[in-house]
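Need coordinates for the below:
(chains A and B)
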Amino acid sequence: MTDTTAHTDDHHSQPKGLARWLFTTNHKEIGTLYLVFSLAMFIVGGAMAMIIRAELFQPGLQLVNPEFFNQMTTMHALVMIFGAVMPAFVGLANWMVPMMIGAPDMALPRMNNWSFWILPFAFLMLLSTLFMPTGAPASGWTLYPPLSLQGGNSFAFVIFAIHLMGISSIMGAINIIATILNMRAPGMTLLRMPLFVWTWLITAFLLIAVMPVLAGAVTMLLTDRFFDTSFFNAAGGGDPVMYQHIFWFFGHPEVYIMILPAFGIISEIIPTFSRKRLFGYTSMVYATASIAFLSFIVWAHHMFTTGMPLGASLFFMYATMIIAVPTGIKIFNWVSTMWRGSMTFETPMLFAIAFVVLFTIGGLSGIMLAIVPADFQYHDTYFVVAHFHYVLVTGAVFAIMAAAYYWLPKWTGNMYDERLGKIHFWWSTISVNVLFFPQHYLGLAGMPRRIPDYSVQFAEFNLISSIGGFAFGIAQLLFVWIVIKCVRGGEKATAQVWDGARGLEWTVPSPAPLHTFDTPPQVDDSVSAHKDQLA
Amino acid sequence: MKRTNELIVGLAMVAVITVITWGVFAVGDNMTPGVTPFSRDVYQLHMVVLSTVTIIGILVFAAMFTSIYLHRKSRGAEAAKFNHSTKAEIIWTVIPIVILVVMAIPATRVLIDMEDTSGADLNIKVTGYQWLWQYEYLEEDIAFYSAIDRDSNAARQIGSGISPREVDNYLLEVDNRLVVPTDTRIRILLTSGDVIHSWWVPDLGWKRDAIPGMVNEAWTLIEEPGVYRGQCAELCGKDHGFMPVVVEAVPPEEYRAWVAEQTGEQTSEQTADAQTESDPEPMDRTALMQHGEDVYDAHCASCHREDGSGMAPAFPALAGSAVVTGELSQHIDVVVNGRPGTAMAAFGQRLDARDIAAALTYTRNAFGNETGDLVQPADVEPLIESRLDESLASTEKPER
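Take a look at the predicted model:
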């Protein structure tokens, strides 16, 4: 059954304790580090969200002053995007990509160690600005000048932290590309790769393309702020809108960096629990690639109100609307995969189904936002806040949760507590909708985003939204407990774990030994996760 | 267990449907149709797209939940083998494209209409500052600032003890409203004196960014008299949430009367200004202190607080401040030219010598700063002028 060699575990002495984690070059251990780090940042960013929702619980300022409120919205976004969601996907890639393609490890193991260990320092630096005299950045995560240039000296720490995160991401991306292109087992052709591997391959190219753009943008902010350049200073011949163009040329592919791996995860989970192969595998691959391509030519839809020329507005509106087509294909394919399957509803499948429904809601509000004249009303309101939390929380985060439940038995060798998992699912799904759905109404009724206080007409929905927020926050503590409980013990998992699961990762024992596939397996259609029967 | 699951699912559905129905029907929180031809077009566009995507969503979810109900293992469903269908895939690529094209056509038409700002009867220039708006009527020689009204401002302070519910139009009222005529095509020019702001009144149907160094254009034609409220929509710093926009649309004849009243007032003020400019008249202590307090409350108090205590560290206290109680020339320089890289704006571009002198006198003699100094407009004037010269010189730089 398995080509895995358990004896390689002890052929050299393993460092113990902290040194083991500091010096590890093993993809599974680094994957664990990434995932634990991501969970810690999810709690930190979540705590900031709780402060935001507590202040917005009722009209009037009760808890924090507006300056600190702006620091919270800014840091919440930076921590969640760069600290929670992206490292979680990199952690999943580290754990799963080598096992899914039959490789013994990542192609560049030492660089892998380094790309992780940069992150804790980057975030230490970012979070330390909260305790500096001039405070954390308060200009929103987009750091639009001239506002961001009004920040104090702590701004330099923020920029350096972003540079470090970028370096970490680029190295991670290079490693993933090198691994996927060079280390596939014999017979693992590109069109036999699991969709999670495919989506990560495309994501990694997006990362390499856009992280340097972000680095350039924030470096220009740095020199404008500290060295008297005028890239974005109108009085010196610069242009504040140019920053927005550069930033969103990074920023829009960035949002797909946070959703494409999620598509991959869902495309693994739905076939498993439908006991049926993924519908339209090839079209899924092409749809992912088209979405990635389109992500480079839609950036200015974040800027419709900056006063763009008519032709540019029309171009970016049409290009943005076209994204609905490949995204629609994905959703129809998932539904067709379920159609006439033999479904069971364990926790990973529940999260995957919630992903399809709630991500679709986020996608549909995205189509509304693409319509330029209507965007003149939606832009910078809570409608946008609702939209991107539907795609990021019930999209990316729900996919990560689904992945955690799906692969935890493989990682730990223990089944998680299914009863607690279901409670976590229902509690999260109900509360997240109570949290974000009313925000659509707030936006349509005219509440701008990033305000610490609001007119009394918005009181009811803010109250509901805050209650949902607190409930969703508590639910995630339950998730932490479920993970700890699963790591400590529980019903032993088989190698197969889920009876409908296909793919190489299910051919190795649970827990997966430290070294897998020292001898590459032979792959054909009988073991590959997906197969398109081009009849 | 199975029964409890079904119960939970049922309850979840009921909760979702309740929230949605309550939102749409009981509270009626939808986009406003507004009071301009453009806002009505936008509203219709919004409703068409919203209905379309809702129907698409319902169809997709219906298919999925049917499958979830029918094709479950617990009902003994056997998995089928198919995993591909070219015909189906072509259908669900083509149909969405058709739907998108149908939505794009009216969207394009409305957008083209919006972008044509020609043929305006009235031009108003809007300048955003942290955190108030300046309105200039280009044809009428009327200009004024518009900031959040005193009642809202008092109530919104932490620990103010005033309930927002007891304040009329909490956070949505200003001291000076933008008064405009109805049934008149108005072109609005937007720019900013410091950071990016965004001018938004939902009833007019659009928002547009006010960007330093750029002038954006938009237009409106208000059909119904009334008071229309909005807010700054682009994060612009600490008091972004406290920068309302209030437009009062009145019939044209009433507007003419308002203009006459304003220009009458302004002319007398301007004659006074003209006098001070040619020969800055010294003001006495009471006049300086009184006017200084007004200027301070309008332009300085949002950061430095009404009692001069500031909000450390970003907004330093003025009470006992080394600058405020120190050498006068340095104090004038900071206020006129600002402190680059901080939120301290260059007030030399916003206020005249009389206002600045009064505010300087006030801060040097209030909050326990008993310097006894009187600052006269004549002391401030030279710096404002040199500031103008410098900015002229800097615009000529490329040619050197």
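
number of nearby residues for the closest residue to chain B within chain A?
Distance from chain B to each residue of chain A (CB to the nearest CB) is smallest for residue A:234, at 2.3 Å. Where you see a C-beta, it was placed from the backbone N, CA and C, and this is true even at glycine. Residues contacting residue A:234 under the criterion other CB atoms under 10 Å in any protein chain shown number 18.

From residue A:236, how far out is the closest residue to it other than its chain neighbours?
Excluding the flanking residues, the one nearest residue A:234 by CB to CB, 6 or more residues apart in numbering or on different chains is residue B:213, at 2.3 Å. As for residue B:213, its distance to residue A:236 is 10 Å (criterion: CB to CB, to the nearest Å).

now chain A, which segments are flagged as low pLDDT?
For chain A, the stretches with pLDDT under 70 are A:1-13, A:527-535.

give me that answer again for 80
Counting by pLDDT under 80, the ranges of chain A that qualify are A:1-15, A:525-535.

now the helices: where do they sit in the stretch 101-250 of chain A?
Shown for the stretch 101-250 of chain A, the helices assigned by DSSP state H, counting those that start in this stretch span residues A:109-128, A:155-182, A:195-226, A:240-257.

Excluding residues flanking it in the chain, which one is nearest residue 289?
Just so you know, I chose chain A. Leaving out its chain neighbours, the residue that sits closest to residue A:289 by CB to CB, 6+ apart is residue A:202, at 6.0 Å.

sorry, should have said chain B
Nearest non-adjacent residue to residue B:289 (CB to CB, 6+ apart): residue B:362, at 5.7 Å.

what's the helix or strand for the one you found?
helix B:353-365 (DSSP states H and E).

other SSEs contacting that helix?
Packing contacts for helix B:353-365, counted by 3 or more CB pairs under 8 Å, 6 or more residues apart in numbering or on different chains; DSSP states H and E, involve helix B:252-278, helix B:285-299, helix B:322-325, helix B:328-337, helix B:377-396.

Now render the helices of the stretch 101-250 of chain A as JSON lines, adding mean neighbour count.
Below are the helices of the stretch 101-250 of chain A laid out as JSON lines (neighbours: other CB atoms under 10 Å in any protein chain shown):
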{"stretch": "helix A:109-128", "mean neighbour count": "18"}
{"stretch": "helix A:155-182", "mean neighbour count": "21"}
{"stretch": "helix A:195-226", "mean neighbour count": "22"}
{"stretch": "helix A:240-257", "mean neighbour count": "22"}
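
Relative to residue A:331, which of those helices is closest?
helix A:195-226 (14.2 Å; CB to CB).

So the residue nearest to residue A:289 versus residue A:407, what's the distance?
21 Å.

which residues does residue 155 contact?
Chain wasn't specified; assuming chain A. For residue A:155, the contact set (CB atoms under 8 Å, 6 or more residues apart in numbering or on different chains) comprises A:134, A:137, A:148-149, A:221-222, A:225.

Oops, wrong one, chain B.
Neighbours of residue B:155 in contact, by CB under 8 Å, 6+ apart: A:60, B:162-164, B:166-167, B:170.

Neighbours of residue A:140, how many?
For residue A:140, the neighbour count with other CB under 10 Å is 19.

I'd guessed it sits against residue A:449; true?
No: using CB atoms under 8 Å, residue A:140 is not in contact with residue A:449; the gap is 9.0 Å.

what residues are shared contacts of those two?
By CB under 8 Å, 6+ apart, the residues touching both residue A:140 and residue A:449 are residue B:235.

Which residue would you name as the spatial centre of chain B?
Residue closest to the mean C-alpha point of chain B, counted by CA atoms, centre = their mean, is residue B:232 at 1.8 Å.

Confirm for me that that residue is in contact with residue B:197.
Yes: in terms of CB under 8 Å, residue B:232 counts as a neighbour of residue B:197; the distance is 5.0 Å.

overlap in contacts of the two?
With CB under 8 Å, 6+ apart as the test, residue B:232 and residue B:197 both reach B:128, B:243.

related to what we said a few turns ago, among the contacts of residue B:155, name the buried ones.
For the contacts of residue B:155, a burial check counting by 16 or more other CB atoms under 10 Å in any protein chain shown picks out A:60, B:162, B:164, B:167, B:170.

does residue B:230 sit in a helix, a strand or a coil?
Here residue B:230 is recorded as strand under DSSP: H, G, I helix; E, B strand; the rest coil.

do the same with residue A:490
Classification of residue A:490 using three-state DSSP returns coil.

is the residue lying closest to it once chain neighbours are set aside in a bridge, and if so with what?
Closest residue to residue A:490 apart from its sequence neighbours, by CB to CB, 6+ apart: residue A:414 at 3.7 Å. Judged by DSSP bridges, the bridge partners of residue A:414 are residue A:492.

follow-up on the earlier one: can you add secondary structure and distance to residue B:299 and give the contacts of residue B:155 back as TSV?
What follows is the contacts of residue B:155, written out as TSV (DSSP: H, G, I helix; E, B strand; the rest coil; distance: CB to CB, whole Å):
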residue	secondary structure	distance to residue B:299
A:60	coil	24
B:162	coil	23
B:163	coil	28
B:164	helix	24
B:166	helix	27
B:167	coil	22
B:170	coil	22
